[in-house]
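Undergrad: Predicted model, plus sequence, below.
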Amino acid sequence: MAGSVSPGTDITGRDHTGMFTKILYPTDFSDIAMKAFDVVKQLKDAGAEEVIILHVIDSRFFDAMAWYATKDLKEIERDLNKEAKNQVKKLEDELKEAGFKATVRIEEGIPSSVILKIERDEGISAIVIGSHGTSNLQEILIGSVSEKVIRRAESMVLVVKR
Ligand code: ATP
Ligand code: MN
């Protein structure tokens, strides 16, 4: 009907009901997370428009480090942040070049909790995540971050296998 706004569209008439419209892509920069990144890029053809690239610096790592760190913790934190910034910047540029709206987030906390919080806050359509990450143990079916995300996510989760 002319002038009406149907469910799933906003006032501009843009469709927000696409399965992959707004993607949350959490990465630990592992090979498998990079494989998931390739899948993200390919989702352009499936209607993906916007991608949030998220890296979480695990706060539990700092708690453990505090016991035996010789280096200043603040300095380690700064290094990790800087390194993460460099890495996500490359991914952001690549996505923009491919015509996506891309934003980056670097957060400190427990990875699964931060991923799920951003999922809720940002109205994500789908999470694209690796089945495994930096640990990538052979006998493990799925990594602990992925497992928690699959259990608790409200949106669809696309798990990219190793
Ligand atoms: P574990 O961490 O349980 O020892 P793992 O490292 O093999 O196992 P996960 O950590 O669950 O597996 O990683 C699975 C996926 O979760 C990664 O491919 C990545 O997409 C995402 N991920 C893992 N850690 C982070 C993180 N710190 N920040 C953002 N995304 C992450
Ligand atoms: Mn991991």
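TA: That came through fine. Ligands and ions are numbered 1, 2, ... in the order given.
Undergrad: what bridges to the residue nearest the centre of the chain?
TA: Central residue of the chain (CA atoms, centre = their mean): residue 26, 2.0 Å from the mean position. Using DSSP bridges, the bridge partners assigned to residue 26 are residue 54.
Undergrad: State the distance from it to residue 76.
TA: Distance, residue 26 to residue 76, by CB to CB, to the nearest Å: 22 Å. Using the backbone N, CA and C atoms, a C-beta is placed for each residue, glycine as well.
Undergrad: quick one: the helices in this protein?
TA: Along the chain, counting by DSSP state H, helices occupy 31-42, 59-65, 73-97, 111-122, 144-152.
Undergrad: Who are the contact partners of residue 144?
TA: Listed by CB atoms under 8 Å, 6 or more residues apart in numbering, the contact set of residue 144 reads residue 112.
Undergrad: what's in contact with the least confident helix or strand in the chain by mean pLDDT?
TA: Ranked by mean pLDDT, DSSP states H and E, the weakest helix or strand in the chain is helix 59-65, scoring a mean of 81. With contacts defined as CB under 8 Å, 6+ apart, helix 59-65 is touched by 73, 76, 77, 108, 109, 110.
Undergrad: how far away is the residue nearest to the fifth one when sequence neighbours are not counted from residue 66?
TA: In other words, residue 109. Of all residues not flanking residue 109 in the chain, residue 59 sits nearest, at 5.3 Å (CB to CB, 6 or more residues apart in numbering). Going from residue 59 to residue 66 by CB to CB gives 11 Å.
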